[in-house]
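**Q** Turn this into a model:
(one chain, ligands or ions: 1)
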Amino acid sequence: MRVPAFDSSIPDVLIAGGGNAALCAAIVAARAGAQVLLVERAPKSYRGGNTRHTRNMRVAHDAANEILTGPYPVAEFWDDLLRVTKGRTNEELAQLTLEQSSELWDFLWAQGVRYQPSLGGTLSLGRTNAFFLGGGRTMLNALYHTAEDLGVAIRYDTTLVDLAIHDGHFEHAVLEHDGQRETVPAQSFIAASGGFEANLEWLIEAWGPAARNFIIRGTPYNRGEVLRLLLDAGVAQVADAKQGHAVAIDGRAPKFDGGIVTRLDCVPFGIVLNNHAERFYDEGEDFWPKRYAIWGRLVADQPDQVGHVIIDEKSIRLFMPSVFDPVTADTIEELATQIGLDPEAVRASIDAFNTACQPGHFDHTTHDDCATEGLTPPKSHWARPIDTPPFYAYTLRPGITFTYLGVQVDRQARMQMANGQPADNLYAAGEIMAGNVLGEGYLAGIGMTIGSVFGRLAGASAAEHRSQR
Ligand SMILES: Cc1cc2nc3c(=O)[nH]c(=O)nc-3n(C[C@H](O)[C@H](O)[C@H](O)COP(=O)(O)OP(=O)(O)OC[C@H]3O[C@@H](n4cnc5c(N)ncnc54)[C@H](O)[C@@H]3O)c2cc1C
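**A** Alright, predicted model coming up:
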């Protein structure tokens, strides 16, 4: 199909995406004197992808400041990253990310972003993570205002649907707005369009039919077409399609965009049954912030991709209140019926658990000595008989946060081609290249760190590419 050409002057830098990575890139490129066009698929009111849902960013720093409660040296950040990724990271790019993270506080401040002390119940991140005053949405508004002031052209409701790339050289993109297509050439291209987490067909390809029951915690707009186009054009791939961040969330969350409020923190205080009323993992293995990210996968492996947390009156006030009320009943059998499980099977699982609980001193702030004995799987801590009505149940589903399959980049955020050559004028930042740093696992707040560090690099490299012409 012949597509009409973009009617204004050719931008130096074309950026696909409207979240943190795209905005950091746009601001840096514009400050370097480049003419920037940013295309955001979402309407203005939903601009900003998954960044809208964020609250904080992990940053290395040598000393406490007015908000961060203590130092977080690069070396400690490095140890944390190696632990969660089990070493599956590009060490050069990971080091670069952590070192440059120490500049982000000041960089974002200079773009109008403000910070606040960490909130209670936020996974104890007050020392390591900078919380955005007003959350991710307010942070984004500041970045958009700055970008607009710098003359960045922003087009909403505009989807990048095709790319012309030959031997690693970007020529033009095809954009779609209101059913109309146009070609837009540019000196260079930055992909900051997120992962493929909102593309159910692609998730099914990776996970099988189980993915139909996944809930997407963030934007419905990150469907991964740009990623697919880049891989098809010969850009090298990083990470595999099943890697990503997934947590167990309230099964009543909306299919997309439920955000952080649908997280449930009650698992360590009860037991979790699958649809056959069987336990399948140690609910008390460790503190919830250290374990919540594995429960998305655990639930994904259960029949119908469902788990049911059952707790009793003793525990209902021990965790952050849920956004939806739990199912409540005075007897276990009644509760089981309400959540659609076989009452006798649930009773048997609860009885087996209650009998296995050993006497101990319950303390949810430490790894206490309340454990089960002779039970498979065991419950290692916080194991107390579920015997005090009323009883409560929450249904869990896997909630996908974002995927790691992406494009390979170098220290300048330049894409690398599968033939081993660097691309000429193709750059990437954010989720679409996060797999370079995150081969697996996750460290709270590092998604935004990666986006900002590589957004800045991509913006600077793209502007530099133009000035070399
Ligand atoms: C509920 C939730 C809470 C989170 N909390 C945190 C947190 O506190 N800290 C943290 O570090 N991380 C957090 N994350 C992860 C974080 O959101 C991401 O790592 C980060 O926002 C990624 O930024 P990005 O710019 O790469 O992608 P996004 O912010 O998702 O932006 C991608 C953009 O690309 C656009 N787009 C997609 N396809 C196209 C196309 N074809 N054409 C044009 N535009 C397109 C989308 O509309 C969107 O604007 C959270 C995620 C979720 C879902």
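**Q** How many residues are close by whichever residue of the stretch 151-300 of the chain sits closest to the ligand?
**A** Distances between the stretch 151-300 of the chain and the ligand by CB to the nearest ligand atom are smallest at G218, namely 2.9 Å. Just so you know, the C-beta spots here come from the backbone N, C-alpha and C atoms, and that holds for glycine as well. Other residues near G218 come to 27 when the count uses other CB atoms under 10 Å.
**Q** what's the answer for V74, then?
**A** Other residues close to V74 by other CB under 10 Å number 17.
**Q** What are the phi and psi values at it?
**A** Per-residue torsions, V74: phi -60, psi -40 (degrees, to the nearest 10).
**Q** Then T159?
**A** Per-residue torsions, T159: phi -110, psi 130 (degrees, to the nearest 10).
**Q** Could you do T54 as well?
**A** phi -80, psi 160.
**Q** quick one: it and P390, what's the gap?
**A** Distance of T54 to P390, computed by CB to CB, to the nearest Å: 36 Å.
**Q** Neighbour count for these two, which is higher?
**A** Comparing T54 with P390 by neighbour count (other CB under 10 Å), the higher total belongs to T54, at 25 against 14.
**Q** quick one: that one and I446 touch, right?
**A** No - between T54 and I446 there is no contact under CB atoms under 8 Å: 11.2 Å.
**Q** before we move on, back to that, how close does the nearest residue to the residue of the stretch 151-300 of the chain closest to the ligand once chain neighbours are set aside get to the ligand?
**A** Nearest non-adjacent residue to G218, counting by CB to CB, 6 or more residues apart in numbering: N50, 3.8 Å away. Taking CB to the nearest ligand atom, to the nearest Å as the measure, N50 falls 3 Å from the ligand.
**Q** What are the boundaries of the strands in the stretch 201-350 of the chain?
**A** All strands of the stretch 201-350 of the chain, identified by DSSP state E, counting those that start in this stretch, fall at 215-216, 237-238, 244-250, 271-273, 307-312, 327-329.
**Q** Now render these as CSV, adding distance to the ligand.
**A** As requested, the strands of the stretch 201-350 of the chain are exported to CSV (distance: least, CB to the nearest ligand atom, whole Å):
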stretch, distance to the ligand
strand 215-216, 8
strand 237-238, 14
strand 244-250, 7
strand 271-273, 22
strand 307-312, 19
strand 327-329, 24
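**Q** Least reliable of these by average pLDDT, please.
**A** Among the strands of the stretch 201-350 of the chain, strand 244-250 carries the lowest mean pLDDT, a mean of 92.
**Q** Let me know the angle separating the longest helix that the chain contains from strand 244-250.
**A** As assigned by DSSP state H, the longest helix anywhere in the chain is helix 446-467. Relative orientation of helix 446-467 versus strand 244-250 (axes from the mean of the first three to the mean of the last three CA atoms, to 10 degrees): 140 degrees.
**Q** Name the residues of helix 446-467 that come out as buried.
**A** 446-463, 465-466 (16 or more other CB atoms under 10 Å).
**Q** Is that helix in proximity to the ligand?
**A** Yes - remark: helix 446-467 sits within contact range of the ligand at 446-448, 451, by CB under 6 Å from any ligand atom.
**Q** name the helices or strands packed onto the worst-scoring helix or strand of the chain on mean pLDDT?
**A** Lowest on mean pLDDT, DSSP states H and E among the helices and strands of the chain sits helix 288-300, with a mean of 85. If contacts are counted by 3 or more CB pairs under 8 Å, 6 or more residues apart in numbering; DSSP states H and E, helix 288-300 sits against strand 244-250, strand 307-312, strand 391-403.
**Q** Nothing else from me, thank you.
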